[in-house]
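Participant: Based on what follows, work out the 3D shape:
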Amino acid sequence: MKHDCDILIVGGGLSGPILALALARTGLQVAVIDALQEKVRKNADFDGRSYAVALTSQRLLAGVGVWDAVADNSQPILEIKVTDGRAGEGPSPFFMHFDHAEIEEGPMGHMVQDRHLRRALLDAVAATEGVTHLSGETVTGQTVIPGGIGVTLASGKTLTGALLVGADGRGSGTATRAGIKRTGWGYGQTALVCAIAHEKPHHGIAHQFFMPPGPLAILPLPGNVSSIVWSESAENAAAFHALSDAEYLTMLRPRFGDFLGEIGLTGQRYTYPLSLSLADRLISDRMALIGDAAHGVHPIAGQGLNAGMRDIAALAEVITDAIRRGEDPGSIAVLTRYEEWRRFDNTALAMATDAFNRLFSNDSALLRGVRDVGMGVINALPGLRRSFIREAAGLTGELPRLMQGRPL
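Facilitator: Next comes the predicted model:
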């Protein structure tokens with residue numbers, strides 16, 4: 001059956017365009033259905049939202065032709081320091097310190113601002129033959145048809161392809177229409193996200209400070225600026241977000257500390273409720289899920305985006321290899337390979353972030369003692385410390401070719 005394109009992708013955020021670029025480089029025709037208008041995504045100003053792009057995710061971005069466009073605006077993550085304590089009291093004497101010099105591959109990753117990455121993706125999509133970007137369009141229906149799958153758009157237009165990929169976030173309509181349910185729960189926490197300008201240089205060091213209500217991540221951006229992901233109880237977060245900028249900084253300072261000198265807000269402030277959300281399945285008839293549509297985890301380890309990148313690289317490889325063998329890329333046999341590849345890793349990450357959050361986001365004297373001793377032991381053992389560094393860089397597990405720096 002002749003289709004409008006080979007692969008239909010619902011979702012124009014990050015995952016959808018990256019997958020489209022990967023597939024188009026192998027000669028496939030791909031359509032990205034994006035609910036937002038292109039000008040809205042492309043004209044974003046600095047707002048503090050940033051991503052920790054692991055080393056292997058950076059390789060993927062390079063492999064789809066995007067990394068060079070954001071490299072000059074990225075900040076290498078050279079060290080990670082993890083501490084435990086209470087606001088205003090400073091960290092405990094026990095800590096974990098990870099230095100990129102302990103691995104051979106280079107920096108563990110890079111911080112990249114949302115505005116730079118989205119703009120680079122849009123430019124790459126526009127310049128890539130084989131990718132059609134349908135902005136301002138939403139899917140209202142999807143139906144499996146002989147030899148493929150069809151979608152109906154709100155505009156009335158219909159499209160068909162061999163495979164439909166849901167990259168449309170935690171509330172994935174693609175998954176819902178396929179009858180895929182989700183497992184998850186809320187944490188009663190909200191992340192306060194912003195960017196902070198500071199007096200002293202950060203030297204490429206990322207900090208994770210665990211406090212009873214939740215962790216505070218201080219992530220280095222280019223210049224004397226850091227991205228803040230500050231987890232608080234939902235009640236406190238709502239109260240803090242309602243404050244003026246000056247009052248907000250008054251609440252942040254005792255948690256942030258003075259190690260970077262004077263601090264000030266730059267850009268906008270955001271809040272995001274924190275929860276766990278796992279799709280019960282990654283595939284259905286002629287359909288696969290990637291990124292947040294497949295798994296939404298706590299940001300405690302900064303690995304949500306990187307897990308989505310692994311989905312992209314794995315699915316692109318499975319599809320490409322299947323086509324080269326003469327198989328139907330939308331068949332359940334092909335899609336099962338993708339699900340088997342990614343299911344365990346995604347579930348393991350979700351459970352690990354859930355366990356870490358429960359272990360660290362409390363003020364139990366017993367648990368505080370256990371975790372402080374644990375951090376001290378990890379920091380004192382070079383082999384164990386190196387394994388954590390490799391995990392942070394995304395270098396563990398069965399890596400798809402694109403994450404090894406190899407072409408599809």
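Participant: how many other residues sit next to Gly204?
Facilitator: 15 (other Cβ atoms under 10 Å). In short, each C-beta sits where N, CA and C put it, glycine included.
Participant: before we move on, what about Ala352?
Facilitator: 16.
Participant: Hmm, it is touching Ile300, no?
Facilitator: No - using Cβ atoms under 8 Å, Ala352 is not in contact with Ile300; the gap is 9.0 Å.
Participant: pLDDT weak spots in the protein?
Facilitator: Low-confidence segments of the chain (pLDDT under 70): 1, 42-48.
Participant: State the number of residues packed around Asp372.
Facilitator: So Asp372, with other Cβ under 10 Å, has 18 neighbours.
Participant: list the contacts for it?
Facilitator: Shown in contact with Asp372 (Cβ atoms under 8 Å, 6 or more residues apart in numbering): Asp84, Ser92, Phe94.
Participant: secondary structure element for it?
Facilitator: Element membership for Asp372, per DSSP states H and E: helix 365-380.
Participant: that older thread, between the contacts of Asp372, which is nearest Thr336?
Facilitator: Comparing the contacts of Asp372 against Thr336 with Cβ to Cβ picks out Asp84 as the nearest, at 42.2 Å.
Participant: I'd like to know which elements the biggest helix by length in the chain is packed against.
Facilitator: Secondary structure assigned by DSSP state H gives helix 332-360 as the longest helix of the chain. Helices and strands touching helix 332-360, by 3 or more Cβ pairs under 8 Å, 6 or more residues apart in numbering; DSSP states H and E, are strand 214-221, strand 263-279, strand 283-284, strand 287-289, strand 295-296, helix 304-324, helix 365-380.
Participant: Can you say which of these is packed in most?
Facilitator: Stretch with highest mean neighbour count among the helices and strands packed on helix 332-360: strand 287-289 (a mean of 29; mean count of other Cβ atoms under 10 Å).
Participant: Packing partners of that strand?
Facilitator: If you count contacts as 3+ Cβ pairs under 8 Å, 6+ apart, strand 287-289 packs onto strand 163-166, helix 173-177, helix 332-360.
Participant: got the angle between the last one and helix 365-380?
Facilitator: In this structure, helix 332-360 runs at an angle of 110 degrees to helix 365-380, with axes from the mean of the first three to the mean of the last three Cα atoms, to 10 degrees as the basis.
Participant: count of neighbours near the nearest residue to Ala162 once chain neighbours are set aside?
Facilitator: The shortest distance from Ala162 to any non-neighbouring residue, by Cβ to Cβ, 6 or more residues apart in numbering, is to Gly330 (4.2 Å). Neighbour count for Gly330, taken as other Cβ under 10 Å: 26.
Participant: Including distance to Trp230, could the helices and strands packed on strand 287-289 go into CSV?
Facilitator: Below are the helices and strands packed on strand 287-289 laid out as CSV (distance: least, Cβ to Cβ, whole Å):
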stretch, distance to Trp230
strand 163-166, 30
helix 173-177, 30
helix 332-360, 14
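Participant: Mean neighbour count, these: which tops it?
Facilitator: strand 163-166 comes out most buried of the helices and strands packed on strand 287-289 by mean count of other Cβ under 10 Å, with a mean of 30.
Participant: ok, that one: who's next to it in the sheet?
Facilitator: Take DSSP bridges as the rule and strand 163-166 pairs in its sheet with strand 7-10 (parallel), strand 287-289 (parallel).
Participant: now that strand, how far from the chain's geometric center?
Facilitator: How far strand 163-166 lies from its chain's middle: 19 Å, per Cα atoms, centre = their mean, to the nearest Å.
Participant: For that strand, which outside residues touch it?
Facilitator: Under Cβ under 8 Å, 6+ apart, the answer for strand 163-166 is 6-11, 16, 19, 142, 148-149, 151, 172-175, 178, 286-290, 293-294, 315, 319, 329-330, 335.
Participant: ok, for the residue most central in space within the chain, nearest residue in space, not its chain neighbours?
Facilitator: Centroid-nearest residue in the chain, with Cα atoms, centre = their mean: Leu305, separated by 1.3 Å. Residue nearest to Leu305 in three dimensions, not counting chain neighbours: Tyr51, with 5.0 Å by Cβ to Cβ, 6+ apart.
Participant: and whichever strand or helix holds that neighbour with helix 304-324, angle?
Facilitator: Taking DSSP H and E as the definition, Tyr51 sits inside strand 50-54. Our comparison of strand 50-54 with helix 304-324, counting by the same axes, to 10 degrees, yields an angle of 50 degrees.
Participant: Kindly export strand 50-54 (C-alpha atoms) in PDB.
Facilitator: Taking Å, rounded to 0.1, in the frame of the first residue of the first chain, the C-alpha atoms of strand 50-54 are listed here in PDB:
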ATOM      1  CA  SER A  50      18.100  23.700  30.300                       C
ATOM      2  CA  TYR A  51      19.100  20.100  29.800                       C
ATOM      3  CA  ALA A  52      21.900  17.900  31.000                       C
ATOM      4  CA  VAL A  53      22.900  16.200  27.800                       C
ATOM      5  CA  ALA A  54      25.000  13.100  28.600                       C
END
